[in-house]
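next one to model:
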Amino acid sequence: MMLSERQDTILGLVVEAYLETGRPVGSKAIVESAGLDWAASTVRAELAALEAGGYLSHPHTSAGRVPTELGYRRYVETLVPTLPARRTGAGEIEVSRMRREVDAAMRETTAALSHMTDLLALVVAPPLGTATIHRVEALLLQPDVVMVIAITSAGDVTKRAFTFPRQLDPGLVAWTSSYLNESLVGIEVGSRRIASKLLDPALGPRESDFIQRLLPALVDLEHEGEATLYVEGAGRLLDERRSADLPQIDQLMNALEERASVLRMMRSAIEERSVFIWIGAENPQPELRSVSVVGANYGLGHRNLGSVGVVGPTRMDYATAIASVNEAARELSRYFENVYA
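Numbering: from 1, shown residues only. Just a heads-up that it's a prediction; the model follows:
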């Protein structure tokens, strides 16, 4: 069903009134609150048409209507293009001012997003394989033990110790740190180039053998971790005032405890270039089909690295949710532009 401009306006008024009050919305309330020039009879006719098209429902014997999932979908589709490019105000997320450690940035972003929207917030950190090598250190822990520490551009730190059958030359270990940094900084984690860069025919047998012994600490980095999901604000969904909007809260909370499935759901939208929204039955995760998910991806200019999102009842403040995830995604993109630089 193609909606007219008037029908879109009336649908938007019904959705916004219902989001605010949680009660069915009648034609009289729409005319009075919006100051429309249309007669109440005209509004009633359009409400009936919207109900016939599946955008509104008529609960019980009430004279008012409530939005359906299709109605919410139409509302957010008309809402997104009208939102400002950037939010401003005291609640704005400023990830670029946070500490450089990615874990701290992810946790603070998740908490801030949950606070701004009063919903459950999800942030997916980049998997280790999307990072580059930032620094490598070879440290002599004992006369025969070397610790290799690899730091990625995403802030991940891995450590691996190697024990040798003989006492090591401290000068060789110090040279190794310099050589590894000169050879590997900026190469993507998991890249085949790592091994090839360290097969330098110009090295002497002693140096080459030592480097090859340490090689597993560097080529195996891609297996050290995967994308991480951060969750904040579960208590906001358990609030008594939301009990009517979330009748299946136990099933929802059980699903959220299964981090792997929620992570897969968020990663399934990693190629989206703008805000992605799943309303009720649209959700790819069956256990979450009683709620809505609003998300956005962040990353570098040529690729997305991760995503942010909020989970809440279908009767949520979509304008705030969309603007907030957009802002969080933009700030994380700026943050990672600095981290990956």
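
from here on, contacts and neighbour counts on C-alpha atoms
Will do.

just the CA trace of the longest helix anywhere in the chain, in CSV.
In the chain, taking DSSP state H as the definition, the longest helix is helix 318-339. Coordinates of the C-alpha atoms in helix 318-339 are reproduced here as CSV (Å, rounded to 0.1, in the frame of the first residue of the first chain):
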residue,chain,number,x,y,z
TYR,A,318,13.2,5.6,17.7
ALA,A,319,14.4,9.1,17.0
THR,A,320,16.7,9.1,20.1
ALA,A,321,17.8,5.5,19.4
ILE,A,322,18.8,6.2,15.8
ALA,A,323,20.5,9.5,16.6
SER,A,324,22.4,7.9,19.5
VAL,A,325,23.7,4.9,17.7
ASN,A,326,24.7,7.1,14.8
GLU,A,327,26.6,9.4,17.1
ALA,A,328,28.3,6.5,18.9
ALA,A,329,29.3,4.9,15.5
ARG,A,330,30.7,8.2,14.3
GLU,A,331,32.8,8.7,17.4
LEU,A,332,34.1,5.2,17.3
SER,A,333,35.1,5.7,13.7
ARG,A,334,37.1,8.8,14.6
TYR,A,335,38.7,6.9,17.5
PHE,A,336,39.8,4.0,15.4
GLU,A,337,41.1,6.3,12.7
ASN,A,338,43.6,7.5,15.4
VAL,A,339,44.3,4.1,16.8
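
helices or strands up against that helix?
Under the contact criterion of 3 or more CA pairs under 8 Å, 6 or more residues apart in numbering; DSSP states H and E, helix 318-339 touches helix 69-79, helix 102-117, strand 291-300, strand 303-313.

distance between that helix and the chain's centre?
9 Å (CA atoms, centre = their mean, to the nearest Å).

buried stuff in that helix?
Buried residues in helix 318-339, counted by 16 or more other CA atoms under 10 Å: 318-319, 321-336, 339.

could you do stretch 165-172 as well?
Result for stretch 165-172 [16+ other CA under 10 Å]: buried residues L168.

quick one: terminal-to-terminal distance for it?
Distance between the two ends of stretch 165-172: 16 Å, counting by CA to CA, to the nearest Å.

quick check: mean pLDDT across that stretch?
Stretch 165-172 shows a mean pLDDT of 94.

got a list of contacts for that stretch?
Outside stretch 165-172, the residues that touch it by CA atoms under 8 Å, 6 or more residues apart in numbering are L140, P143, D144, V145, E207.

most neighbours among the residues you listed, please name it.
Greatest neighbour count in those, by other CA atoms under 10 Å, goes to L140: 19 neighbours.

on that earlier part again, now the helices and strands packed on helix 318-339 in a markdown table, with mean neighbour count and distance to V262?
Formatted as a markdown table, the helices and strands packed on helix 318-339 follow (neighbours: other CA atoms under 10 Å; distance: least, CA to CA, whole Å):
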| stretch | mean neighbour count | distance to V262 |
| --- | --- | --- |
| helix 69-79 | 18 | 21 |
| helix 102-117 | 21 | 15 |
| strand 291-300 | 25 | 11 |
| strand 303-313 | 24 | 11 |
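
tell me which of these approaches A217 most closely.
helix 102-117 (21.4 Å; CA to CA).

any chance you could map the helices in the stretch 1-150 of the chain?
5-21, 27-34, 40-52, 69-79, 102-117 (DSSP state H, counting those that start in this stretch).

can I get these in TSV with mean pLDDT and distance to R135?
What follows is these, written out as TSV (pLDDT from 0 to 100; distance: least, CA to CA, whole Å):
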stretch	mean pLDDT	distance to R135
helix 5-21	92	50
helix 27-34	83	60
helix 40-52	92	60
helix 69-79	93	45
helix 102-117	90	16
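
between strand 291-300 and the longest helix of the chain, find me the angle.
Helix 318-339 and strand 291-300 are oriented at 30 degrees to each other (axes from the mean of the first three to the mean of the last three CA atoms, to 10 degrees).

got the angle for helix 318-339 vs helix 102-117?
Angle between the axes of helix 318-339 and helix 102-117 is 160 degrees (criterion: the same axes, to 10 degrees).
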